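K.L.:
Quick one: sequence plus predicted model below, questions after.
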Amino acid sequence: MPVVDVAVPVPLKQSFSYLHDTPVATGVRVKVPFGNRTLIGVVIGNIETQTEDTGLTLKSVIEVLDEVPLFDPTLITLANWLAKYYHHPIGEVWSTLMPVRLRKGMPLTDKLDAFTLTEAGQDALEQSLVRGKKQQLCLASLADEPVEEGEIKQRFSPAVIKALSEKALIQTVRIKQEIQTDWASYTLQETTPVASTEQAVAIAGVNQNGTEFRTFLLEGVTGSGKTEVYLQVIAPVLKANRQVLILVPEIGLTPQTVGRFERRFGIKVGVLHSQMSDLARLQVWQQSRRGELGIVIGTRSAIFTPMVRPGMIIVDEEHDESFKQQDGLRYHARDLAVKRAQTENVPLLLGSATPSLESLNNALAKRYTHLQLSERAGGASHTQLKVLDSRDQPLQAGIAPGLLSVMRSHLQQGNQVLVFLNRRGYAPAVLCHHCGQTVDCKSCERPFTYHKSQGRLQCHHCGASKRMPNQCSACHSTSLQTSGLGTEQLEQGLGELFPDIKQVRIDSDAVRGKDALVTRLDEINARKYQLLIGTQILSKGHHFPHVTLVVVLDCDGALFSADFRAPEKFAQLITQLAGRAGRATKPGEMYIQTDNPGHPLLQELIHNGFAHFARHALHERKMANLPPYSAQAVIRAEANAAQQVHTFLQQVKQAFSDHSHQFGGYIAGPLPCLIEKRQGRFRFMLLLQCSQRAALHNWIASTLRQVQSLPLATRVRWSLDIDPVDFS
Ligand SMILES: Nc1ncnc2c1ncn2[C@@H]1O[C@H](COP(=O)(O)OP(=O)(O)OP(=O)(O)O)[C@@H](O)[C@H]1O
Ligand SMILES: [Zn+2]
């Protein structure tokens, strides 16, 4: 009897064998017994026949769920690679890779259920016969065409749907999705701008490579027209009837981005991001798999989207940290993109104004083809960076007088000013004026942030929240006062300083959800506001043609971080922020207000720019034998008792030390994580490092089993992070 090899969603390294009376194709989902449970797994291989003498009795597959494989051999290869590279259970890799609905065993068909108006419903709508605003809205949304069930259920409550169904105003129908495959016959919907010389060189560089795998790094300063390069390099790919997958950072994916691609080619672009419903995601996944979409744009997990005719992969803002998953399977979508492009044998284009040192190093070492855009598109000039020394200055709303007058002059000329402060809330701490005690979150041992509009304190580490107390818990004095500046306070202060100027605050408190952000961004570009206050949401990839001044407040903390990646992250942030100014005809400038004007990193950025900084930083990493010149992994552990975490990591360290000489491995720790305590749990980590990536992997592979069998391994919460980028 045939035996199939199944990846089952359990935290165990191996896959499992099951019997079935006929062979099952790889990439098909099956329902299988596991212990006393029934689980949904994926067939990842076939074993010819069961060998008689193993003595094992295998269980049988309960049900084969798909008629045809849902996952092609490329995705199976990719899953196997992920399991190996991240030392992660294969079944859990598949859980990450599969759309949620497929994971749950739901059928995948070409048909879908939709709601439509009945004749009575049509009349009711036209004559406004239904009472109830929600019911009216629901009818109205079905006015033109049937709408899929999932979407209606997401927008309207069960009560509304039930009421309308019972009155026979709406009904469900089954519609066959139309398949439109030939995006190759697109017609350009807008005139393509003439590429600059540098753009033309980059475009030719990619196109001359042909259809085969190669990685390109497009290092182009902000506003240099990287997106235009993407548009022009994918044109021939689409013409050849091949698909393009574009990854963008979580925050960068706005309808504006999607709109640029739709407008150019006049074809439907599939969009995938975390805020969509499971059903909507599955549909885009399915459309791409069947070849109905020429372009799919999505955030991190979109890298798992199947493509029937893959032609190219693009990773925009490839340095962005949102490409790294921070829990479960901690993959890096950019690194996975390299693997995927290689497996699919298609070109990969990585783009950024501030490339990661990893990618830059690969380009400089000629493993990637390096393409550069050093000038801004359309004749815009580079933003001038300046440092403003705030020492001994009387600050108003946290801003020095000299800087306020610079702001005033930009505003008077009718331009927009962006003020960046990476701290939401009113103030980052509340303290007692009498005894100096701060009001701290008990489970994180960090000060609460004060949110004045809600009259509440909030812990930005664990989310805990409580009412603002009246008195100090230590000395009972009632003279509590806030300390430090957050965006909420900045907004209030600037409102008083510039009463006639319309301002908007963009942070996750003021702007909730993607739609709200898009509305605000549109309003900004329609010049509804002149003063923009915001956190890092404002730094990413947005095109603000009317901003001529960017002000950076309170960046001193970032200059003195214990994280060796902090300078890289800071330089990327500052450069991206500077890139928001002066993108159109008017020149832009940026002021960084600091108490450390002489800091070498600031001086380097101001005088030499990011490209120079990055090459210099690479040299430093090389001297210190840090990534990308070595490979790292981190084992994090946390528990309520600090001692327990420490003991566990000591034992882990011992296990790794036993093998370290074989692999030339270096171990540091146990060290406290940058955030030492969160939600009542103490957090420590162990850092593993080898000069060679392969050695690190062999070292981990030969030690991990020993770690897993430690008695404490089931008592503390621990995880392995390969190529960590964040030590918090
Ligand atoms: N060759 C060109 N001629 C004229 N305008 C261009 C050209 N290329 C790009 N542009 C325009 O320049 C502006 C910036 O281009 P684009 O958004 O592509 O830059 P980018 O490098 O992707 O920006 P960033 O990385 O800062 O987000 C856009 O308004 C774009 O339409
Ligand atoms: Zn907390």
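P.N.:
Okay, I see it. Numbering: from 1, shown residues only. Ligands and ions are numbered 1, 2, ... in the order given.
K.L.:
Make sure A631 is actually in contact with Q692.
P.N.:
Yes: assessed by Cβ atoms under 8 Å, A631 is found in contact with Q692 at 6.9 Å. C-beta here means a position set from N, CA and C on the backbone, and glycine is covered the same way.
K.L.:
more crowded one of those two?
P.N.:
Using other Cβ atoms under 10 Å, the more surrounded residue of A631 and Q692 is A631, with 19 against 13.
K.L.:
Report how many residues lie close to the residue in the stretch 101-250 of the chain that ligand 2 sits nearest to.
P.N.:
The nearest approach of the stretch 101-250 of the chain to ligand 2 comes at E250, 23.4 Å away (Cβ to the ion). Neighbour count of E250, defined by other Cβ under 10 Å: 16.
K.L.:
can you tell me how far it sits from ligand 1?
P.N.:
Distance of E250 to ligand 1, computed by Cβ to the nearest ligand atom, to the nearest Å: 15 Å.
K.L.:
Now do that residue, the pLDDT please.
P.N.:
Per-residue pLDDT puts E250 at 80.
K.L.:
Near ligand 2, which residues of this structure are found?
P.N.:
Applying Cβ under 5 Å from the ion, we find that the chain lies next to ligand 2 at 441, 444, 459, 461-462, 464.
K.L.:
which among the residues you listed gets closest to ligand 1?
P.N.:
Checking the residues of the chain next to ligand 2 against ligand 1 with Cβ to the nearest ligand atom, the nearest one is H461 at 31.0 Å.
K.L.:
Show me which residues of the chain sit near ligand 1.
P.N.:
By Cβ under 6 Å from any ligand atom, the part of the chain that sits against ligand 1 consists of 193-196, 199, 220, 222-228, 353, 377-378, 541, 543, 579.
K.L.:
hmm, which of those residues are the buried ones?
P.N.:
When those are checked for burial by 16 or more other Cβ atoms under 10 Å, the buried set is 195-196, 199, 220, 222-228, 353, 377, 541, 543, 579.
K.L.:
how about the nearest residue to the residue of the stretch 101-250 of the chain closest to ligand 2, chain neighbours excluded?
P.N.:
If the residues on either side of it in the chain are set aside, E250 comes closest to S322, at 4.2 Å by Cβ to Cβ, 6 or more residues apart in numbering.
K.L.:
Which other helices and strands does the longest strand anywhere in the chain contact?
P.N.:
Secondary structure of the chain per DSSP state E: the longest strand is strand 666-678. Using 3 or more Cβ pairs under 8 Å, 6 or more residues apart in numbering; DSSP states H and E, the elements in contact with strand 666-678 are strand 631-639, helix 642-663, strand 681-690.
K.L.:
Out of these, which is closest to L532?
P.N.:
Comparing the helices and strands packed on strand 666-678 against L532 with Cβ to Cβ, the closest turns out to be strand 681-690 (35.5 Å).
K.L.:
can you state the direction angle for that closest one and strand 631-639?
P.N.:
Strand 681-690 runs at 160 degrees relative to strand 631-639, counting by axes from the mean of the first three to the mean of the last three Cα atoms, to 10 degrees.
K.L.:
list the buried ones in the helix or strand following strand 681-690?
P.N.:
Counting by DSSP states H and E, the next helix or strand C-terminal to strand 681-690 is helix 693-708. Within helix 693-708, the residues that qualify as buried are 693, 695-700, 703-704, 706-707, counting by 16+ other Cβ under 10 Å.
K.L.:
next one: stretch 250-266
P.N.:
250-254, 257-258, 260-262, 264-265.
K.L.:
for stretch 315-325, same thing?
P.N.:
Buried, per 16+ other Cβ under 10 Å, within stretch 315-325: 315-320, 322-325.
K.L.:
Likewise for stretch 663-677?
P.N.:
By neighbour count with 16+ other Cβ under 10 Å, stretch 663-677 contains the buried residues 663, 665-667, 669-670, 672-673, 676-677.
K.L.:
For my notes, please list the helices and strands packed on strand 666-678 in TSV and give mean pLDDT for each entry.
P.N.:
Formatted as TSV, these follow (pLDDT from 0 to 100):
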stretch	mean pLDDT
strand 631-639	94
helix 642-663	91
strand 681-690	93
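K.L.:
quick one: which of the ones you listed is nearest S479?
P.N.:
S479 lies closest, by Cβ to Cβ, to one member of these: strand 681-690, at 32.7 Å.
K.L.:
So which residues make contact with the closest one?
P.N.:
With contact meaning Cβ atoms under 8 Å, 6 or more residues apart in numbering, strand 681-690 is reached by 443, 625, 630-642, 645-646, 649, 652-653, 656, 663-673, 675-677, 696, 699-700, 717, 727.
K.L.:
and what of stretch 74-90?
P.N.:
In contact with stretch 74-90 (Cβ under 8 Å, 6+ apart) are residues 7, 10-15, 26-27, 44, 71, 93-94, 96-97, 304, 306, 329-331, 336, 339-340, 343-344, 697, 700-701, 704, 720, 722.
K.L.:
So which of these belong to helices?
P.N.:
Where those overlap with helices, as defined by DSSP state H, the overlap consists of 93-94, 96-97, 336, 339-340, 343-344, 697, 700-701, 704.
K.L.:
farthest pair in those?
P.N.:
Maximum pairwise distance among the ones in helices among the contacts of stretch 74-90 (Cβ to Cβ): 29.9 Å, between E344 and L704.
K.L.:
tell me the mean pLDDT for the longest strand of the chain?
P.N.:
87.
K.L.:
repeat for stretch 344-364
P.N.:
Averaged across stretch 344-364, the pLDDT comes to 96.
K.L.:
same deal with stretch 589-599?
P.N.:
Here stretch 589-599 scores 91 as its mean pLDDT.
K.L.:
What is the end-to-end distance of it?
P.N.:
Distance between the boundary residues of stretch 589-599 (Cα to Cα, to the nearest Å) amounts to 20 Å.
K.L.:
And for Q603, nearest residue in space, chain neighbours not counted?
P.N.:
Closest residue in space to Q603, ignoring its immediate chain neighbours: V387 at 7.9 Å, by Cβ to Cβ, 6+ apart.
K.L.:
in the helix or strand the one you found falls within, what's buried?
P.N.:
In the assignment (DSSP H and E), V387 maps to strand 384-389. Across strand 384-389, burial judged by 16+ other Cβ under 10 Å covers 385, 387-388.
K.L.:
List the contacts of the next helix or strand after that strand.
P.N.:
Downstream of strand 384-389, the first helix or strand assigned by DSSP H and E is helix 401-412. Helix 401-412 has contacts (Cβ under 8 Å, 6+ apart) with 388, 393-394, 396, 399, 416-417, 419, 497-498, 501, 530-531, 548-549, 551, 591, 593.
K.L.:
Give me the residues contacting the next helix-or-strand element following helix 401-412.
P.N.:
Sequence-wise, the next helix or strand beyond helix 401-412 is strand 416-420, with elements assigned using DSSP H and E. Residues outside strand 416-420 that contact it (Cβ under 8 Å, 6+ apart): 399, 407, 410-411, 490, 494, 524, 527, 529-536, 538-539, 544, 546-553, 577, 580-581.
K.L.:
ok and strand 416-420 relative to helix 401-412, angle-wise?
P.N.:
Interaxial angle, strand 416-420 versus helix 401-412 (the same axes, to 10 degrees): 140 degrees.
K.L.:
Run me through the strand neighbours of strand 416-420, direction for each.
P.N.:
With DSSP bridges as the test, strand 416-420 is paired with strand 531-534 (parallel), strand 547-552 (parallel).
K.L.:
excluding its backbone neighbours, what's nearest D440?
P.N.:
Setting aside the residues directly before and after it, D440 is nearest to P447 in space (Cβ to Cβ, 6+ apart), at 5.5 Å.
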